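Asker: got a predicted model here, sequence first, then my questions.
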Amino acid sequence: MTAAPSPSATAAARRDLGRLVGSERVITEPAALFGYSYDSTTVLRGTPPLAVVQPAETRQVAAVLRYANTHDLPVIPRGSGTGLSGGCVPLAHELVLDLSRINRLRAVETTRRRAIAEPGVLTGDLLTAVTPAGLFYPPDPSSLKVSSLGGNVAENAGGPRGLKYGVTQDYVQALEVVLLDGEVLSLRREEDGDVLALFIGSEGTLGVVTLVEVRLIPTPPARRALLAVFPELAAATRTVSIILREGITPALIELMDDIAIHCVEAYRGLGLPLDVEAILLIETDGDERAADRDAARVRDLCMAAGAREVRLAATADEAEALWTARRSITGALGRVRPDKIGEDICVPRPAIPTMARRVKEIGREYDVPVVLFGHAGDGNLHPNVLFSSLDADERQRGEAAADAIIAAATELGGVISGEHGVGIMKRKFMPLNVDPATMALMHTFKRAVDPKGLLNPGKLLA
């Protein structure tokens, strides 16, 4: 880890940065800096940054990056800090570039079905803004009410609707990106598609996104929400492939195991069943006829596959209660243990039942609670290993269990991350999914745009 800069060097850098963006937009108070030393993981704690700079526009971002390049100052781009892999956690007194103040929704163009937004716009606010026009932005991470669009681009965020509608990369049409030397790139999919794609999911290691244009689609006229109750987890996981083999593509299929159910019910009191091993939350959509037809077929398939009951939400409020249950899982798990490692594996759909079984076996083997939930429709599962860092032995067992889950996923032909990124937490596992030649090519491109390695050092490709 790099040594902290001297007090005089720190003071000089903070003073210079204040001249670039305004002293009121440079955060230096120790308590505030500590707040930027972690993200939404509970087990990662980095180093308080040298300073936090909050630029107000692209021009200021470019000026800060030019200064950092000239003075060999590492920079960590940061959105809302809702990441789950340590992607914006400082490691060695770097400068944090907080993009939350660049947050205007510049345009919603109904005819062209597109929105143009600055990186600090919250994902949920974008969805709310386009809804009155009958338009829809499908990527919906569970943190959509607090996560920023720029962060979603950096991580290529997905969400439950990824099964039918895809993830962030499927909707980004254009980006404005600032490189470390201050050069501003304007990239459009139809003209610069290959280059644009490199920045989506690059976790802030290649450039800083300062403007995003996304494609919008018409809002489906009808939606039907179902809760399928399964006495056995194995039956629930097998049902996912059964539904998809029938040619039905629901908008989402979400899995919750018994631990998740109990935690959410204690937290929210939504009337979830407490005597079963799993539930599936399923949504069909389309026109009224298609949504009803698919919902009826899904209900029949679930019952034939071992569901005890299938509830169809009768009102919009009942449907919203189901999605509230799913979005509440992460916050509710603290009732079991204060700390967790939230994995983000993705396996082929036929391997979902085997992966679910292995997750539970690993929990028993290492004697730690492991909760299983996630976007079962596309094989993106979120096993969360729960433990207390106050118990050193339990933490060690928890970390070993998390490593075992990653190994099991790759053995089944899966990948180490479906949507949370690599960051710090999964960097050591990159060779499991990326061959040496491809890794070398990735490093070559990194050196081409960031030869000094100053953009988000220690993440992804370190």
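Answerer: Good, I have the coordinates.
Asker: so Ile243 sits in a helix?
Answerer: Yes - inclusion of Ile243 in a helix is indicated when DSSP: H, G, I helix; E, B strand; the rest coil is applied.
Asker: pull the number of nearby residues for it.
Answerer: Neighbours of Ile243 under the rule other Cβ atoms under 10 Å: 23. For every residue, glycine as well, the C-beta is placed using N, CA and C.
Asker: would you confirm that it contacts Val298?
Answerer: Yes - using Cβ atoms under 8 Å, Ile243 makes contact with Val298 at a distance of 5.9 Å.
Asker: quickly list what's touching both of those two.
Answerer: Counting by Cβ atoms under 8 Å, 6 or more residues apart in numbering, the common neighbours of Ile243 and Val298 are 250, 282.
Asker: report the contact partners of Leu244.
Answerer: 349, 377.
Asker: quick one: it from Gly193, how far?
Answerer: Distance of Leu244 to Gly193, given as Cβ to Cβ, to the nearest Å: 29 Å.
Asker: swap in Val121?
Answerer: In this structure, Val121 and Gly193 are 23 Å apart, going by Cβ to Cβ.
Asker: so these two - more neighbours on which side?
Answerer: For Val121 versus Gly193, neighbours defined as other Cβ under 10 Å are more numerous around Val121 (24 against 10).
Asker: enumerate every residue touching the more buried one.
Answerer: Residues in contact with Val121 (Cβ under 8 Å, 6+ apart) are 103-105, 148-149.
Asker: repeat for Arg14
Answerer: Arg14 sits next to 26, 28, 50-51 when contact means Cβ under 8 Å, 6+ apart.
Asker: which SSE is the closest residue in space to Tyr137 that isn't next to it in sequence in?
Answerer: Spatial nearest neighbour of Tyr137, chain neighbours left out: Leu127 (5.1 Å); criterion: Cβ to Cβ, 6 or more residues apart in numbering. Per DSSP states H and E: Leu127 is located in helix 123-130.
Asker: chain center to that helix, what's the gap?
Answerer: In terms of Cα atoms, centre = their mean, to the nearest Å, the centre of helix 123-130 is found 17 Å from the chain centre.
Asker: quick one: average pLDDT of it?
Answerer: Averaged across helix 123-130, the pLDDT comes to 97.
Asker: do stretch 418-425 as well
Answerer: 92.
Asker: just give me how far that stretch sits from the chain centre.
Answerer: Between the centre of stretch 418-425 and the centre of its host chain there is 8 Å, according to Cα atoms, centre = their mean.
Asker: show me what the longest helix along the chain is packed against.
Answerer: Selection of the longest helix in the chain by residue count, based on DSSP state H, yields helix 392-411. Counting contacts by 3 or more Cβ pairs under 8 Å, 6 or more residues apart in numbering; DSSP states H and E, helix 392-411 packs against strand 339-342, helix 352-366, strand 384-387, helix 430-433.
Asker: for Val64, give me phi and psi.
Answerer: phi -70, psi -40 (degrees, to the nearest 10).
Asker: next, count neighbours for it.
Answerer: 24.
Asker: just say helix, strand or coil for the nearest residue to Ala62 once chain neighbours are set aside.
Answerer: Nearest residue to Ala62, sequence neighbours excluded (Cβ to Cβ, 6+ apart): Gly182, at 4.2 Å. Recorded secondary structure, Gly182: coil (three-state DSSP).
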